[in-house]
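A.B. asks: the sequence isn't on hand, but the structure is:
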């Protein structure tokens, strides 16, 4: 009952995600202006985000310690920088940040990986594959009664076919102004013995999950893209009731890392529709300069 959010809760969660997206957009703009010009660390990035969040009177507190990893630290899946020894962020490679927040209207969880400098072809291929996996889960429809372990395998299937993998679930349940990790549902297959409810709990309308595939090259770089997604009913057919997902998080992807020729027509159209909704939802929360930046970042 707790995991199944009602319509009003989902409406509030949308607002929380829009507020968080506005704060992250300000963080992204700050990174563009600051990296390579001033000395900043991974720890500073998380603290700066809290400053931008605090502009909203609905902001309460972080929902978890920020995961901010630059270069090889991003390959440590749950790396959290400490003030006294975090790595300096310079204008090269990838920076990954996985951040969660509590607002009075809901709980948010998102991850973006941004390019701070030149990227190799391998980095672009990996980023594109992660983006494709994110879209794969977000756009997947499934019959009522489907459990999270099955959806996890679907999300990872293309990566597996390329000999790639990530050693965590594709999604976890998210609470409502409560636990950032909330059961009983989980989109996870590899660690299902430790989380048997992933195989025992069918997804139901109103459940809120993360959608966070990744690729981690140990000692080199890490990539993760995460949106929050809510289960919704897609309709009835002669084969029964089908469910799908509604995306709750709207933020630009890293275009410098996308190999557009590797995307299908469906994926290109999905991104364009996603960006149109991104501009629509975030316009009320951004000033003219910030919105102009968003428009440029969502040209695709």
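C.D. replies: Done, it's in. Because the structure is predicted, anything quoted here is derived from the model rather than measured.
A.B. asks: ok, residues contacting the helix or strand where residue 293 lies?
C.D. replies: Using DSSP states H and E, residue 293 sits in helix 288-297. Contacts of helix 288-297 with the rest of the structure, by Cβ atoms under 8 Å, 6 or more residues apart in numbering, involve 22, 25, 26, 28, 29, 252, 255, 278, 279, 282, 283, 286. (C-beta placed from N, C-alpha, C; glycine too.)
A.B. asks: and stretch 150-160, average pLDDT?
C.D. replies: Per-residue pLDDT values across stretch 150-160 average out to 96.
A.B. asks: list the buried ones in it?
C.D. replies: 150, 151, 152, 154, 155, 156, 159 (16 or more other Cβ atoms under 10 Å).
A.B. asks: equivalent analysis for stretch 281-288, please.
C.D. replies: Per 16+ other Cβ under 10 Å, stretch 281-288 contains these buried residues: 281, 282, 285, 286.
A.B. asks: equivalent analysis for stretch 38-48, please.
C.D. replies: Quick answer for stretch 38-48 (16+ other Cβ under 10 Å): 40, 41, 42, 43, 44, 45, 46, 48.
A.B. asks: and the spatially closest residue to residue 188 that is not a sequence neighbour, how many neighbours?
C.D. replies: Closest residue to residue 188 apart from its sequence neighbours, by Cβ to Cβ, 6 or more residues apart in numbering: residue 169 at 2.9 Å. Neighbours of residue 169 under the rule other Cβ atoms under 10 Å: 25.
A.B. asks: next, residue 169: phi, psi?
C.D. replies: In terms of degrees, to the nearest 10, the main-chain angles of residue 169 are phi -70, psi 160.
A.B. asks: check the one 4 residues further on too.
C.D. replies: According to degrees, to the nearest 10, the main-chain angles of residue 173 amount to phi -70, psi 150.
A.B. asks: contacting residues for it?
C.D. replies: Per Cβ under 8 Å, 6+ apart, neighbours of residue 173: 3, 181, 182, 183, 184, 185, 186, 207, 208, 209.
A.B. asks: repeat that for 6 Å
C.D. replies: 3, 182, 183, 185, 209 (Cβ atoms under 6 Å, 6 or more residues apart in numbering).
A.B. asks: partners of it in the sheet?
C.D. replies: Following DSSP bridges, residue 173 is listed with bridge partners residue 209.
A.B. asks: that one and residue 107: what is the separation?
C.D. replies: From residue 173 across to residue 107, the span is 11 Å (Cβ to Cβ, to the nearest Å).
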